[in-house]
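# Structural data only, the sequence is not supplied:
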Ligand code: ITT
């Protein structure tokens, strides 16, 4: 009898899954996010598969809580080891807005709306925050975070990336917005790559150093 995929994966994960620490599923509908993640994780020898699925969204002003909830929901639906990522842009002069509401804000007022809100505002400090939630059928959720500090530009610059990239200038960069960088340049600085690197270090070390009994 052919075993359902989900059960095969569950057994492998409990026993000797040869892909442990080498393959991860990223549940997202955002192809740019997937592309960024795929390239960072490849540096660690981890292959990334995109699970283009919607996850239940919880109404919360806390990125961590949203990511944790979405990861649990995705694992419940698929039985796979999964990461989800939630990110947001936090603008100091707007008291952290749009933050966890970045997706809605982008779809409604967009990047020009943020520029408008900051018209004549001197303090243009902002940061992007990324929270990655990892979970699998046998493991509790683990969170990995990354932040990149920067300023909001005076006008839209560049067309690379997605979302608010064309209005965000990272402090550690050379004055260009993320929208003026290619994906590898953005990955050297971004909130997402920092969180991903933290996840990758843990994911790899966990499989390399776990005792043989849990790996057979
Ligand atoms: P998911 O399917 O993974 O949820 P999403 O596009 O909805 O994809 P998020 O909820 O994590 O992603 O991000 C919320 C919004 O924040 C997103 O729509 C962008 O407008 C903005 N954002 C997040 N990360 C960004 C980045 O690296 N560069 C520019 N904008 C970003």
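Perfect, thanks for sending it. Not measured: the values here are computed from a predicted model. Residues are numbered from 1 along each chain as shown.

# Angles on the backbone of the residue most central in space within the chain, please.
Residue closest to the average C-alpha location in the chain (CA atoms, centre = their mean): residue 85, at 3.3 Å. Phi and psi for residue 85, reported as degrees, to the nearest 10, are phi -130, psi 130.

# Pull the contacting residues for it.
26, 28, 33, 37, 67, 130, 131, 132, 133, 192, 195 (CB atoms under 8 Å, 6 or more residues apart in numbering). Heads up, the C-betas are built off the backbone N, CA and C, glycines and all.

# Scan these and report the most crowded one.
residue 67 (29 neighbours; other CB atoms under 10 Å).

# hang on, isn't it packed against residue 132?
Yes - if you go by CB atoms under 8 Å, residue 67 and residue 132 touch, sitting 6.9 Å apart.

# so what sits against both of those two?
Residues touching both residue 67 and residue 132 (CB under 8 Å, 6+ apart): 84, 85, 143.

# what about the last one, which helix or strand?
Spelled out, it's residue 143. Secondary structure from DSSP states H and E places residue 143 in strand 139-152.

# Which strands and helices lie in contact with the helix or strand following that strand?
Using DSSP H and E, the next helix or strand after strand 139-152 towards the C-terminus is strand 168-170. Under the contact definition 3 or more CB pairs under 8 Å, 6 or more residues apart in numbering; DSSP states H and E, strand 168-170 sits against strand 139-152.

# how about 10 Å then?
Using 3 or more CB pairs under 10 Å, 6 or more residues apart in numbering; DSSP states H and E, the elements in contact with strand 168-170 are strand 125-136, strand 139-152, helix 183-189.
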